[in-house]
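Visitor: Mind folding the following:
(one chain, ligands or ions: 1)
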Amino acid sequence: MNFQEESLQNENQEDFGLPIPEGFENKQLRIAGVEPESFVDGPGIRFTIFTQGCKHHCLECHNPQTHDFNGGHLISLSELMEMIEENPLLDGVTFSGGDPMEQAETLVPLAREIKERGLNLIIYTGYTYEALIARQAENPARLELLTFADILVDGPFVLAQRSLSLKYRGSKNQRLIDVQASLSAGRAVLHQIQLEEMENRPDLFE
Ligand code: SF4
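Guide: Purely as a prediction, here's the structure:
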């Protein structure tokens, strides 16, 4: 690091009163927006980040304004972390979209910091868990991002399988995957929330 870079880092540290977390330096995420207190993007009280950019173009997607990779606006990871820290009541953070996997490399340091602060992490993606694993060589950052997640809500929204009664997702093909159990088992393992849902409401899965 040269003198100028070191001065800039020191200034930023003073701005936020904290050391800059690893990987945050000059990193900016393109987002459509945030929901500082969400009750619908996973269990508990959550800070949801809607990333900008999605390639899936699901029919009747609820957030078409998030598809354009040049839309939304840029925000620094430090600014996002500061907003997250403002609410001591949060249970976790949700990366939604758009598709967060399209900015996986930028999200990795943020995900690491979120977990280090004891918050849980849910990631939504239009890719299936199996596709992310099978194509990890093409984009290793996606797998790295996955390693920080507690729950992955996977797969595109499929209009023909739409359901308004499912927890935290819009169509029957989408799954709540227990990421840590899945990585250990080497296959997709459904999260307890979905297992209980299947037991209590089998009609939703017919
Ligand atoms: S993956 Fe999500 S954001 Fe992307 S088109 Fe499908 S529903 Fe919309």
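Visitor: Give me the buried positions along stretch 19-27.
Guide: Across stretch 19-27, burial judged by 16 or more other C-beta atoms under 10 Å covers I20, P21, F24, E25, K27. C-beta here means a position set from N, CA and C on the backbone, and glycine is covered the same way.
Visitor: Quick check: neighbours of the top strand by length along the chain in the sheet, parallel or antiparallel?
Guide: Scanning the chain for the strand with the most residues, using DSSP state E, yields strand 28-38. Strand 28-38 pairs in its sheet with strand 46-51 (antiparallel), strand 73-76 (antiparallel), by DSSP bridges.
Visitor: what's it in contact with?
Guide: For strand 28-38, the external contacting residues (C-beta atoms under 8 Å, 6 or more residues apart in numbering) are 41, 45-53, 63, 65-66, 69, 71-77, 80, 83, 86-87, 94, 97-98, 103, 106-107, 110.
Visitor: try 7 Å
Guide: Contact partners of strand 28-38, identified using C-beta atoms under 7 Å, 6 or more residues apart in numbering, comprise 45-53, 63, 65-66, 72-77, 80, 83, 87, 94, 98, 103, 106-107.
Visitor: Can you pull the residues of this protein lying near the ligand?
Guide: Within the chain, the positions adjacent to the ligand are 54, 56-58, 61, 63, 66, 97-99, 126, 156-157 by C-beta under 6 Å from any ligand atom.
Visitor: who wins for most neighbours among those residues?
Guide: G98 (31 neighbours; other C-beta atoms under 10 Å).
Visitor: close enough to count as contact, that residue and I49?
Guide: No - here G98 lies out of contact with I49, judged by C-beta atoms under 7 Å, at a distance of 9.4 Å.
Visitor: The contacts of strand 28-38, buried ones only, as a PyMOL selection?
Guide: To isolate the buried ones among these in PyMOL, judged by 16+ other C-beta under 10 Å, type:
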select buried, resi 46+47+48+49+50+51+52+53+63+66+72+75+76+77+80+94+98+103+106+107
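Visitor: What sits closest to the residue with the shortest distance to the centre of the chain if chain neighbours are left out?
Guide: Geometric centre of the chain, nearest residue: F95, 2.3 Å, by C-alpha atoms, centre = their mean. Spatial nearest neighbour of F95, excluding adjacent residues (C-beta to C-beta, 6 or more residues apart in numbering): I123 at 4.7 Å.
Visitor: Partner strands of the helix or strand the one you found falls within, with direction?
Guide: In this structure, I123 sits in strand 120-124 according to DSSP states H and E. As defined by DSSP bridges, the strand partners of strand 120-124 come to strand 92-96 (parallel), strand 151-154 (parallel).
Visitor: could these go into CSV alongside mean pLDDT?
Guide: Output for the strands paired with strand 120-124, formatted as CSV (pLDDT from 0 to 100):
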stretch, mean pLDDT
strand 92-96, 98
strand 151-154, 98
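Visitor: Redo these as CSV? Include distance to E144.
Guide: CSV is the format used below for those (distance: least, C-beta to C-beta, whole Å):
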stretch, distance to E144
strand 92-96, 14
strand 151-154, 14
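Visitor: Minimum distance to D178: which of those has it?
Guide: D178 lies closest to strand 151-154 among the strands paired with strand 120-124, at 6.8 Å (C-beta to C-beta).
Visitor: Alright, I will stop here.
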